[in-house]
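[1] For reference, the sequence and a predicted model appear below.
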Amino acid sequence: MLHAQFDPTARQNLAVTAVDAKTRKDLSWRQLADATGLSVAFVTAALLGQHALPEAAAKAVADLLDLDADAVRLLQTVPTRGSIPGGIPTDPTIYRFHEMLQVYGTTLKALVHEQFGDGIISAINFKLDVRKVADPEGGERAVITLDGKYLPTRPF
């Protein structure tokens with residue numbers, strides 16, 4: 001049976017423990033994800049407290065991180081989502097995403113509605129990919145793909 005969390009504290013504490021174990025064992029997010037057969041973005045989000053993992057995936061990462069049976073159980077619960085407390089983020093990387101949405105949020109909204117109609121892009125039926133590519137002008141560029149199912153608004 002699938003269970004849900006209503007207090008984010010337990011999952012936040014587990015995230016701290018998991019990140020500490022990942023660091024001590026010098027593992028990458030990719031290595032943890034590869035052990036599950038799931039995407040690196042999904043497994044990372046799950047270990048940071050934002051998704052529930054299937055039982056086999058929870059056991060696989062717990063084995064790599066030396067987490068106990070309680071952690072395996074907790075990794076399978078539906079979390080209370082939301083990893084950024086209220087207000088403007090202070091972490092520079094997260095702030096830049098906030099800034100991107102401040103600048104391009106209304107543009108994205110306008111383009112989505114023009115192409116799809118009234119509705120939303122799901123963050124539940126969703127895929128995320130982050131890649132590093134060479135910049136033709138020198139250096140590197142980040143390519144971030146947000147791939148969500150479009151859900152139209154339905155009058156009722």
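    Yep, that arrived.

[2] middle-most residue in the chain, spatially?
    Geometric centre of the chain, nearest residue: residue 45, 3.4 Å, by CA atoms, centre = their mean.

[3] Which SSE is immediately downstream of the strand or helix carrying that one?
    Here residue 45, judged by DSSP states H and E, is contained in helix 40-47. Next along the chain after helix 40-47, taking DSSP H and E as the criterion, comes helix 55-65.

[4] list the buried ones in that following helix?
    Neighbour counts over helix 55-65 (16 or more other CB atoms under 10 Å) mark 57-62, 64-65 as buried. (C-beta placed from N, C-alpha, C; glycine too.)

[5] closest to residue 18 among those?
    residue 65 (5.8 Å; CB to CB).

[6] and the nearest residue to the closest one once chain neighbours are set aside, how many neighbours does it have?
    Excluding its sequence neighbours, the residue lying closest to residue 65 (CB to CB, 6 or more residues apart in numbering) is residue 21, at 3.9 Å. The number of residues packed near residue 21 is 19, by other CB atoms under 10 Å.

[7] Just to be sure, residue 21 is in a strand?
    No. Counting by DSSP: H, G, I helix; E, B strand; the rest coil, residue 21 is located in no strand; its state is helix.

[8] Enumerate every residue touching it.
    By CB atoms under 8 Å, 6 or more residues apart in numbering, the contact set of residue 21 is 65-67.

[9] ranges for the helices of the chain?
    Under the criterion DSSP state H, the chain contains helices at 9-24, 29-34, 40-47, 55-65, 69-75, 92-116.

[10] any chance of these in JSON lines, plus mean pLDDT?
    Formatted as JSON lines, the helices of the chain follow (pLDDT from 0 to 100):
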{"stretch": "helix 9-24", "mean pLDDT": "96"}
{"stretch": "helix 29-34", "mean pLDDT": "97"}
{"stretch": "helix 40-47", "mean pLDDT": "94"}
{"stretch": "helix 55-65", "mean pLDDT": "98"}
{"stretch": "helix 69-75", "mean pLDDT": "98"}
{"stretch": "helix 92-116", "mean pLDDT": "91"}
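
[11] can you tell me which of those helices comes nearest to residue 2?
    helix 55-65 (10.4 Å).
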